[in-house]
Structure formats: C-alpha cells, structure tokens
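[1] After the sequence you'll find the predicted model.
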Amino acid sequence: MYDLIIFLVLLSLGYFVGQALEKSHFRSIIKREKELRHLLTFSNRYPPSVTEEQNAQLVTGSVVISIDYFKQIVAGLRALIGGRITSYESLLERARREALLRMKEEASAMGANIIVNVKLETASITKGQRQQVGCVEVLAYGTALHDKQFD
C-alpha cells in the first residue's frame, strides 16, 4: 500500500513540477519573441529583393528538450487508443520555437535584420524503453543578412 502511495505522490509531483517548468519556458519564449519581432525570417531561398551586395552568414540555433516521465505515461496510454498526443505536440512546439529564437539571437548579435532560407531539422536523440521518445533535438538554420530596405 505504501509503495502505491509513494508512486502516486511522485507521479503527482512530477506532473506539477513539469507543468510549472513548461509554463515558465513558454513565458520566456513569448517574451523573447516579442524582443526579436523586428528580425524578419523567410523560408524563401533568396531575399525578397537584392538591392546591393550582401554580407551573408550562416546562423544556427539548436536545442535539445526531453519529455518528462508523466507525459511519457500519458502518451503511452494515448497511443493505446489513438489520436493526437498533445504531450509530444507541446514538446515539439517548445523545441522549434526555442531553436528559432536562438538562431534569431545569433543573427541579431551579428547586426542582421533578415534571415532567409530558414529551415528546421528535427531528430530524436534518445529512445526510452520500448523505443518511446525521450529527447528531441531541433536545429534551425538560415542565412543572415543586413538589408537597408528592412531598416
């Protein structure tokens, strides 16, 4: 009986701490996105219009985020009946947004005002028991430019 109580207490603790950390990370992402709103990103291969010679540089942003144990349990249960697995969706959303922000921060530090040819790569870097996703890495990369047209 005590083992079950300890398990439920640890599971609840993991749930609430995980939720608090995830909400804190989302608040940080929203704040930094507002700060970098002026830095435009395009998935097009070339800038909208080239008016003069550009000093182009590769910029990257990489992040590795793991899923907490509680969400793995919920995802496993959800996989039994099928449908959306929202715990993985929020994990990937956080990872993509954080990778883009890190790429933008690098471009901003270089004095760029646009990033073109932005791409995202996603990889699962660890597998838990029964090949469940443990951690994902997202790499965002693009070409940073300073174009006077966007000043």
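    All right, it came through fine. Numbering: from 1, shown residues only.

[2] where's the lowest-mean-pLDDT helix or strand in the chain relative to the chain centroid, distance-wise?
    Every helix and strand in the chain was compared by mean pLDDT, DSSP states H and E; the lowest is helix 69-81, with a mean of 78. In terms of CA atoms, centre = their mean, to the nearest Å, the centre of helix 69-81 is set 21 Å apart from its chain centre.

[3] Output the contacting helices and strands for that helix.
    Helix 69-81 is packed against helix 2-35, helix 86-109, with contacts defined by 3 or more CB pairs under 8 Å, 6 or more residues apart in numbering; DSSP states H and E. Using the backbone N, CA and C atoms, a C-beta is placed for each residue, glycine as well.

[4] could those go into TSV alongside distance to Pro48?
    Formatted as TSV, those follow (distance: least, CB to CB, whole Å):
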stretch	distance to Pro48
helix 2-35	22
helix 86-109	16
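
[5] Rebuild the ones you listed as JSON lines, extending it with mean pLDDT and distance to Lys71.
    Formatted as JSON lines, those follow (pLDDT from 0 to 100; distance: least, CB to CB, whole Å):
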{"stretch": "helix 2-35", "mean pLDDT": "89", "distance to Lys71": "7"}
{"stretch": "helix 86-109", "mean pLDDT": "93", "distance to Lys71": "4"}
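
[6] Turn these into CSV, columns for distance to Leu77 and mean neighbour count.
    Below are the helices and strands packed on helix 69-81 laid out as CSV (distance: least, CB to CB, whole Å; neighbours: other CB atoms under 10 Å):
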stretch, distance to Leu77, mean neighbour count
helix 2-35, 13, 12
helix 86-109, 10, 19
